[in-house]
Structures are given as C-alpha cells and as structure tokens.
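A.B. asks: any chance you can model this:
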Amino acid sequence: MKTKRLELIAGPSDLVRAQISGRERFGRLLEARVARAREQEADHQETMENMAQALEKGPEQVGWWCWYFVLHNKVTRHRVLIGDGGFKGPPDEEGTVEIGYSRLQPYRNRGYTTEAVKALVGWAFQHPQVTWVIAEARPGNTVSIRVLQKAGFNEVGPGSQRGHLRFEMARQDFRS
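C.D. replies: All right, here's what the predicted structure looks like:
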C-alpha cells in the first residue's frame, strides 16, 4: 500500500523471519536499507517472533500483524526502512483491532508515522468486520499521543495496562 511519501509493506511470515535473523537478508527482501539500530531492540525481537508464529497459521493473517514503513527518497532513489507497525491480530468478536507502531529516531517529527497510521486504519476499515480501531500509550509518551490525535483517535480513559491511556476510533469517525 502506498501513501504520499511511504510504501507500507504487509509482512508475511518469511519477511518477519528474515527481520529476526538479520538485517542483510531482511534489507534485500524489502529492497531497502535497514538501520543497525533495529537489531538492538530485544523486546522488539520477541514481538516479531510472536508475529511470525501467528502469520504461519495461514495467508489470511497477513495484514493483521506486521507492516513495514519504507521511505522512498525520490531525489537519491534510495529506499529506507523508517519504522513498522500493525495490529495485534485480526478483529475480535466486537470488531475491534488494536494498532501499534514504532519509528526510528531520525524520522520522528516529520509526519511519517501519522501518515502510516492513517493508512493502516483505512486498510482496517476496508474490512466490514472492523468497527473500532484502538491504541494505547503511556501518558508521558507525548510523541505517540500526538500521532494518535493527528490520526483522528480520541482518548477515552485508562488502557488495559496500568499507567496506559486508551484511544479509539470508530468506523463512522474515520476520514481518509
């Protein structure tokens, strides 16, 4: 899926496994430069392993887990992975999916994450079973909260984890 400045790539299990195994093969498959910093996040690696296992359940899982945010510099013609995000699985019985995202430090405060989040929310709402997209953030994470606000989410109270805030967007409130 393409946005104004990004390509969002839904990760099948083999791409997620390549990310886990190392950035060289992963970068070749993405056809993008992958920063060394991404390898150093141990908790991120555990999350990716869980996603790979979920994706191996079948091709219908692709899109409901991991998406990669690739920036294509039109001047230099280079492609670079600037972040990732996605959902914590397919919609639940109430039609709710939870979105999450991360981006690399050099690409913050440029609107890329908001652009990617809006595109992912739009993708989710293309599926008739999705009625709500939710997200959670810590109160001190003003950057993430601002992304959610700019993407059209509303803060609705405490999150599922202690010390987190919950944000929601209903299908009827989504504007592409």
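A.B. asks: hey, let's count contacts and neighbours off CA atoms from now on
C.D. replies: Noted.
A.B. asks: what's the local residue count around the nearest residue to R33 once chain neighbours are set aside?
C.D. replies: Closest residue to R33 apart from its sequence neighbours, by C-alpha to C-alpha, 6 or more residues apart in numbering: V80 at 4.5 Å. As a burial measure, V80 scores 19 neighbours (other C-alpha atoms under 10 Å).
A.B. asks: roughly how far apart are V80 and I20?
C.D. replies: Going from V80 to I20 by C-alpha to C-alpha, to the nearest Å gives 18 Å.
A.B. asks: now name the helix or strand holding the residue nearest to R33.
C.D. replies: Using DSSP states H and E, V80 sits in strand 79-87.
A.B. asks: repeat that for I9.
C.D. replies: Counting by DSSP H and E, I9 is part of strand 6-10.
A.B. asks: can you name every helix or strand that that strand contacts?
C.D. replies: Counting contacts by 3 or more C-alpha pairs under 8 Å, 6 or more residues apart in numbering; DSSP states H and E, strand 6-10 is packed against strand 66-72, helix 112-125.
A.B. asks: hey, C-alpha coordinates of the lowest-mean-pLDDT helix or strand in the chain in CSV?
C.D. replies: Least confident helix or strand, the chain: helix 42-55 with a mean of 85, by mean pLDDT, DSSP states H and E. Output in CSV follows, covering the C-alpha atoms of helix 42-55 (Å, rounded to 0.1, in the frame of the first residue of the first chain):
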residue,chain,number,x,y,z
ALA,A,42,15.5,-7.3,22.3
ASP,A,43,11.8,-6.7,23.2
HIS,A,44,11.1,-5.9,19.6
GLN,A,45,12.6,-9.2,18.5
GLU,A,46,10.3,-11.1,20.9
THR,A,47,7.3,-9.3,19.5
MET,A,48,8.4,-10.2,16.0
GLU,A,49,8.8,-13.9,16.9
ASN,A,50,5.2,-13.9,18.2
MET,A,51,4.0,-12.3,15.0
ALA,A,52,5.9,-14.7,12.8
GLN,A,53,4.2,-17.6,14.6
ALA,A,54,0.8,-16.0,14.2
LEU,A,55,1.4,-15.4,10.5
